[in-house]
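Asks: Below is the structure, and that's it, no one-letter string:
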């Protein structure tokens, strides 16, 4: 039985504006569609949603001609780079926004967890929000009461149940939001990347619950994540979105393999990269802006005991004192394997440019390919460094020789998570 059918779904936006923003355009659209019975005239214009390059049109297609079906009981993993259209697709399904063209047919109630705090009223307590969300989904008060203890136990926020949600941390909000969405018996559960906000223990519980929902209860799950390991373990089917278009559909394992294969072509061929706007998924203050990054002597292959030496070129757009450079190393399954962090601080004047050299030592990474996210900021290895600038996925390297004599030789055989702080030092 088909649970969801996406038929010719497209979504067009005008950059920076709501609707067409001009009275003439809005009247023209209304006249053509409602009086003359013709199609929207603005469907004929617009460009694909390539966020890395400046286009010639102010109209973009966040989604274009999406067609696929999801069968009841399937767990569908939706994969793609930031800006590929994944969240837009789920927002259309959840009726947060409407499609420009096309129609979605869904059989059953839909529970959505798209952003931290989705559907919560900040002035209401956790308990009140549980009842409100259940009522919105069409459940009676007695049905919600019967599930209340189970929801509270799963979320782990019992002590704060009668506290206004505005006082919850983002992790607590996600815990309660997911518990509500998963336990109020929707036929279709829609989960965006919000689970990344939760801690490792909660992510494990959440993935286990989604498996129970799909396999044990026959309900349908749509799951967006950049964690390829979670997609492979949880999902049965997978699709890849690229610049708003569906480019691949198969089993989850095949979809992940295809995506990672494409990822190998996303990196710059050189070991020294000039940072372009497309390298930034989000723009911070840029008080200490990263202009370029690279490896010393363009070296991209290392042994497990060999220092990995990074070079940063940083520009001060303000006077900034005592900040750090650092970041995260991830494997090609998008799993963080460690944090690197300059132990000393840097200061820079407005208009000044500095070349920073940072050596990552004693990392003992196992044989394989890795890539690097990097940033500048005031933080430490617990809070992160991305107060001023963050650039993702611009450098990759390979460990091609593993030294089992190293003190941390287990790294080849066991996953190392993002709370591991790699030892670092600045160059002279």
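Replies: Received it, and whenever you're ready, just let me know what you need. From a predicted model like this one, the values you see are computed outputs, not experimental measurements.
Asks: what residue ranges in the stretch 151-300 of the chain score low on pLDDT?
Replies: Under the criterion pLDDT under 70, the flagged ranges of the stretch 151-300 of the chain are 194-200, 262-271, 277-278.
Asks: Show me where it has its strands.
Replies: With DSSP state E, counting those that start in this stretch as the criterion, the stretch 151-300 of the chain has strands at 188-191, 220-224, 237-242, 245-251, 272-274, 288-295.
Asks: same thing with the stretch 301-428 of the chain?
Replies: Going by DSSP E, counting those that start in this stretch, the stretch 301-428 of the chain shows strands at 301-303, 308-316, 320-331, 336-341, 346-348, 353-361, 368-377, 389-401, 421-426.
Asks: any chance of the ones you listed in a markdown table, plus mean neighbour count, distance to residue 166 and mean pLDDT?
Replies: Backbone N, C-alpha and C define where each C-beta goes, glycine included. A markdown table is the format used below for the strands of the stretch 301-428 of the chain (neighbours: other C-beta atoms under 10 Å; distance: least, C-beta to C-beta, whole Å; pLDDT from 0 to 100):
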| stretch | mean neighbour count | distance to residue 166 | mean pLDDT |
| --- | --- | --- | --- |
| strand 301-303 | 15 | 47 | 87 |
| strand 308-316 | 21 | 36 | 91 |
| strand 320-331 | 21 | 30 | 88 |
| strand 336-341 | 22 | 30 | 82 |
| strand 346-348 | 18 | 36 | 91 |
| strand 353-361 | 17 | 39 | 88 |
| strand 368-377 | 21 | 26 | 87 |
| strand 389-401 | 20 | 27 | 84 |
| strand 421-426 | 17 | 33 | 54 |
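Asks: Select, out of those, the one closest to residue 251.
Replies: Residue 251 lies closest, by C-beta to C-beta, to one member of these: strand 320-331, at 21.5 Å.
Asks: about what we covered before: how about the strands of the stretch 301-428 of the chain, which one is nearest residue 69?
Replies: Nearest to residue 69, of the strands of the stretch 301-428 of the chain and by C-beta to C-beta, is strand 389-401 at 31.6 Å.
Asks: What count of nearby residues applies to residue 238?
Replies: 26 (other C-beta atoms under 10 Å).
Asks: Quick check: bridge partners of it?
Replies: Beta-bridge pairing for residue 238 (DSSP bridges): residue 77, residue 250.
Asks: Give me the distance between the closest residue to residue 280 other than its chain neighbours and residue 4.
Replies: Spatially, and ignoring its direct neighbours in sequence, residue 280 is nearest to residue 391 (5.9 Å; C-beta to C-beta, 6 or more residues apart in numbering). According to C-beta to C-beta, to the nearest Å, residue 391 and residue 4 sit 36 Å apart.
Asks: now swap in residue 399 and tell me
Replies: Distance from residue 399 to residue 4, by C-beta to C-beta: 42 Å.
Asks: hmm, back to that, just say which of the strands of the stretch 151-300 of the chain is most tucked in.
Replies: Neighbour counts (mean count of other C-beta atoms under 10 Å) averaged over each of those peak at strand 220-224, with a mean of 26.
Asks: to the chain's geometric centre, what's the distance from it?
Replies: On the basis of C-alpha atoms, centre = their mean, to the nearest Å, strand 220-224 sits 14 Å off its chain's mean C-alpha point.
Asks: Can you tell me the strand partners of that strand and which way each runs?
Replies: Using DSSP bridges, the strands paired with strand 220-224 are strand 75-79 (parallel), strand 188-191 (parallel).
Asks: Need those in a markdown table (columns: distance to residue 151).
Replies: Below are the strands paired with strand 220-224 laid out as a markdown table (distance: least, C-beta to C-beta, whole Å):
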| stretch | distance to residue 151 |
| --- | --- |
| strand 75-79 | 21 |
| strand 188-191 | 14 |
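Asks: And those: which comes nearest residue 95?
Replies: strand 188-191 (10.9 Å).
Asks: List of residues touching that closest one?
Replies: 3-4, 90, 93-94, 106, 108-114, 178, 181-182, 206, 210, 213, 219-224 (C-beta atoms under 8 Å, 6 or more residues apart in numbering).
Asks: Buried members of these into ChimeraX, please.
Replies: In ChimeraX, a selection of the buried entries from the contacts of strand 188-191 looks like this (16 or more other C-beta atoms under 10 Å):
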select :3,4,90,93,94,106,109,110,111,112,113,114,178,181,182,206,210,213,219,220,221,222,223,224
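Asks: Now intersect the contacts of strand 188-191 with the helices, please.
Replies: Among the contacts of strand 188-191, the members found in helices (DSSP state H) are 90, 93, 178, 181-182, 206, 210.
Asks: what two of the residues you listed are the furthest from one another?
Replies: Distance extremes for the ones in helices among the contacts of strand 188-191: the farthest pair is 93 and 206 at 19.6 Å, using C-beta to C-beta.
Asks: what about the strands in the stretch 1-150 of the chain?
Replies: For the stretch 1-150 of the chain, strands defined by DSSP E, counting those that start in this stretch occupy the ranges 2-14, 47-48, 59-71, 75-79, 101-106, 110-113.
Asks: With mean pLDDT added, can I get those in TSV?
Replies: Formatted as TSV, these follow (pLDDT from 0 to 100):
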stretch	mean pLDDT
strand 2-14	89
strand 47-48	54
strand 59-71	89
strand 75-79	93
strand 101-106	91
strand 110-113	82
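Asks: among those, which is nearest residue 333?
Replies: With C-beta to C-beta, the closest approach to residue 333 among those belongs to strand 75-79: 11.8 Å.
Asks: Alright, I will stop here.
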